[in-house]
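Participant: sequence first, then the predicted structure:
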Amino acid sequence: MAGVDLRSVQELCGHRSIVTTQRYAHLSPDHQKANVEKLARELKCIACAKRGHERRAMHISGNAGLCGECFAEMVRSIDTFEDTLAEGKKTLIRQDSRQLTGMKAV
Ligand SMILES: [Zn+2]
């Protein structure tokens, strides 16, 4: 399978059942082989490619692949973003309460 597992093929083809993927893989081996080879080329991590190196993708989102490391990095950056957002909200609330206190004093 040219290093691409059937689960990835299933995900990319949008098959609900792995049986469908197996059926296609069984029925048209040449066609499937071409697809899988195309897939293997496409399944390079896009984030790594942008940095000029090459890693096999492990996570697939649409037609884009991310390697484990870049995927983890993306998850971390989302967490950081949410932390920043939460901290920003806290700051705003603190400012609001200060302003309210100030208004009461006037
Ligand atoms: Zn990567």
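Facilitator: All right, it came through fine. Keep in mind that what you see is a predicted model, and the values were worked out from it rather than measured.

Participant: buried residues in the biggest helix by length in the chain?
Facilitator: Of all the elements of type helix in the chain, the one with the most residues (DSSP state H) is helix 68-105. Judged by neighbour count (16 or more other C-beta atoms under 10 Å), helix 68-105 contains these buried residues: 70-71. Quick note: C-beta positions are derived from backbone N, CA and C, even for glycine.

Participant: just checking, next helix/strand downstream of the lowest-mean-pLDDT helix or strand in the chain?
Facilitator: For the chain, the helix or strand with the lowest mean confidence is helix 29-42, at a mean of 61 (criterion: mean pLDDT, DSSP states H and E). From helix 29-42 onward toward the C-terminus, using DSSP states H and E, the following helix or strand is helix 46-50.

Participant: buried residues, that next one. List them.
Facilitator: By neighbour count, and taking 16+ other C-beta under 10 Å as the criterion, the buried residues in helix 46-50 are 46-48.

Participant: looking at it, residue 57 is touching residue 68, isn't it?
Facilitator: No: taking contacts as C-beta atoms under 8 Å, residue 57 lies outside contact range of residue 68: 9.0 Å.

Participant: quick one: average pLDDT of the helix or strand harbouring residue 12?
Facilitator: Assigned by DSSP H and E, residue 12 belongs to helix 6-13. Within the predicted structure, the mean pLDDT of helix 6-13 is 73.

Participant: repeat for stretch 71-87
Facilitator: Mean pLDDT, taken over the full extent of stretch 71-87, equals 84.

Participant: just the CA trace of it, in PDB.
Facilitator: The C-alpha trace of stretch 71-87 is given here as PDB (Å, rounded to 0.1, in the frame of the first residue of the first chain):
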ATOM      1  CA  PHE A  71       0.000  18.700  14.700                       C
ATOM      2  CA  ALA A  72       1.000  18.900  18.300                       C
ATOM      3  CA  GLU A  73       2.400  22.400  17.700                       C
ATOM      4  CA  MET A  74      -0.900  23.500  16.100                       C
ATOM      5  CA  VAL A  75      -2.800  22.100  19.100                       C
ATOM      6  CA  ARG A  76      -0.400  23.900  21.500                       C
ATOM      7  CA  SER A  77      -0.800  27.200  19.600                       C
ATOM      8  CA  ILE A  78      -4.600  26.900  19.800                       C
ATOM      9  CA  ASP A  79      -4.200  26.300  23.600                       C
ATOM     10  CA  THR A  80      -1.900  29.300  23.900                       C
ATOM     11  CA  PHE A  81      -4.300  31.400  21.900                       C
ATOM     12  CA  GLU A  82      -7.200  30.400  24.100                       C
ATOM     13  CA  ASP A  83      -5.200  31.100  27.200                       C
ATOM     14  CA  THR A  84      -4.300  34.600  25.800                       C
ATOM     15  CA  LEU A  85      -8.000  35.100  25.000                       C
ATOM     16  CA  ALA A  86      -9.000  34.100  28.500                       C
ATOM     17  CA  GLU A  87      -6.400  36.300  30.100                       C
END
